[in-house]
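**Student:** task: produce atomic coordinates for the following.
(one chain, ligands or ions: 1)
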Amino acid sequence: MTEQPARRLLLVHAHPDDESINNGATMARYAAEGARVTLVTCTLGELGEVIPPGLRHLTGAALGEHRRGELTAAMRELGVADFRLLGGAGRYQDSGMMGLPENDDPACFWRADVDDAARHLVEVILEVCPQVLVTYDDHGGYGHPDHIQAHRVAMRAVELAADAGWRIPKVYWNRVPRAIGERAFAQLHADLPGLPFTKSAVLDDVPGVVDDERITTEIDGTAYATAKSAAMAAHATQIDVSGAYFALSNELAQPLFTTEYYELVRGEPGDTRETDLFSGIEGAS
Ligand SMILES: [Zn+2]
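**Tutor:** Just a heads-up that it's a prediction; the model follows:
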């Protein structure tokens, strides 16, 4: 058995692009610092809306395959070598936005048995032995069925892995502090006339926004802003990046955060806001 790096971070996401938007700076920073960064993506995002007109012919499995290539390119930008699809490529399909008929497709991730799906993740956990797991809150950040299911599967896998011999000491949910979000949107409104986007999103469109007191941890990824931008731009079917801003297929501008925020939900919080996901972990902080 090869020896594991001292710090091991596992991230669980729903679709290719979510990792770069939510955690791109964090992933780049820890990868550059020598941590083992493992990404598990639950679906290939076959139902995502495609931005570039020249790629809109891609749908279903063809879009999934294309997005797999985008994910590979994004991971190259972040310096992350270990990225996997839950249960292997195509095991779980994109469920589409809440309320769509695709939510009822038996092959979609939303219809997956949580324990079955979690067992695929437990295999990864027992191999990697992460000290830190990052995923979404129980609302999936913003209510997309695949994000909610990724949360359920990740949290269930934490329990099952503990029973099977590896207890993950720290679990975090992705967050954006409300005050930081409000400030970033105020700046966006000031900058909007000079941007290639005509309209701004609103703070409620941003996943995981909570009151500031719930934030336990902030990761300064300013030094990795370029890597995060490049990784997001690699997901060209889904994201249009312009400087400090980006838009999804709705063409509404949003701030691109290079400091990323978290809420510790399992593990011992420090007295002050953490600046390292591994803080307090013996031999890793
Ligand atoms: Zn997603």
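**Student:** contacts, neighbours, all on C-alpha from now
**Tutor:** OK.
**Student:** just the strands in the stretch 51-200 of the chain please.
**Tutor:** 82-85, 132-135, 170-177, 199-200 (DSSP state E, counting those that start in this stretch).
**Student:** partners of the shortest one, with directions?
**Tutor:** I take that to be strand 199-200. Using DSSP bridges, the strands paired with strand 199-200 are strand 252-255 (parallel).
**Student:** so Ser249, which of the three states?
**Tutor:** At Ser249 the chain is in coil, as set by DSSP: H, G, I helix; E, B strand; the rest coil.
**Student:** my guess is it contacts Pro53. True?
**Tutor:** No - using CA atoms under 8 Å, Ser249 is not in contact with Pro53, being 11.1 Å away.
**Student:** who's in contact with Arg76?
**Tutor:** Going by CA atoms under 8 Å, 6 or more residues apart in numbering, Arg76 touches Ala231.
**Student:** over to Pro255?
**Tutor:** Taking CA under 8 Å, 6+ apart as the test, what Pro255 contacts is Ala184, Phe185, Leu188, Ala244, Tyr245, Phe246.
**Student:** for the fifth one, name its beta-bridge partners.
**Tutor:** Note on Tyr245: beta-bridge partners by DSSP bridges are Ser242, Pro255.
**Student:** show me which of the contacts of Pro255 are buried.
**Tutor:** When the contacts of Pro255 are checked for burial by 16 or more other CA atoms under 10 Å, the buried set is Ala184, Phe185, Leu188, Ala244, Tyr245, Phe246.
**Student:** let me see the mean pLDDT of stretch 9-21.
**Tutor:** In this model, stretch 9-21 has an average pLDDT of 98.
**Student:** measure how far it is from the centre of its chain, please.
**Tutor:** Here the centre of stretch 9-21 is set off from its chain's centre by 3 Å, with CA atoms, centre = their mean, to the nearest Å.
**Student:** tell me where the protein has helices.
**Tutor:** In the chain, the helices defined using DSSP state H lie at 18-32, 60-78, 114-128, 145-164, 178-191, 225-234.
**Student:** which one of Ser249 and Pro53 is surrounded by more residues?
**Tutor:** Ser249 (14 against 8; other CA atoms under 10 Å).
**Student:** show me what contacts the residue nearest to the more buried one when sequence neighbours are not counted?
**Tutor:** In space, and not counting its chain neighbours, Ser249 is closest to Ile51: 5.4 Å by CA to CA, 6 or more residues apart in numbering. Going by CA under 8 Å, 6+ apart, Ile51 touches Ala236, Thr237, Gln238, Ile239, Asp240, Leu248, Ser249.
**Student:** could you list the low-pLDDT ranges of this structure?
**Tutor:** 1-2, 285 (pLDDT under 70).
**Student:** show me the contacts for Phe197.
**Tutor:** Ala247, Glu251, Leu252, Ala253.
**Student:** correct me, but the second one touches Leu195?
**Tutor:** To tie it back to what came earlier, the one meant is Glu251. No - the pair Glu251 / Leu195 is not scored as a contact, 11.6 Å apart, by CA under 8 Å.
**Student:** any idea which of the strands of the stretch 51-200 of the chain is most buried?
**Tutor:** Each of the strands of the stretch 51-200 of the chain was assessed for mean neighbour count using mean count of other CA atoms under 10 Å. The highest is strand 132-135, with a mean of 25.
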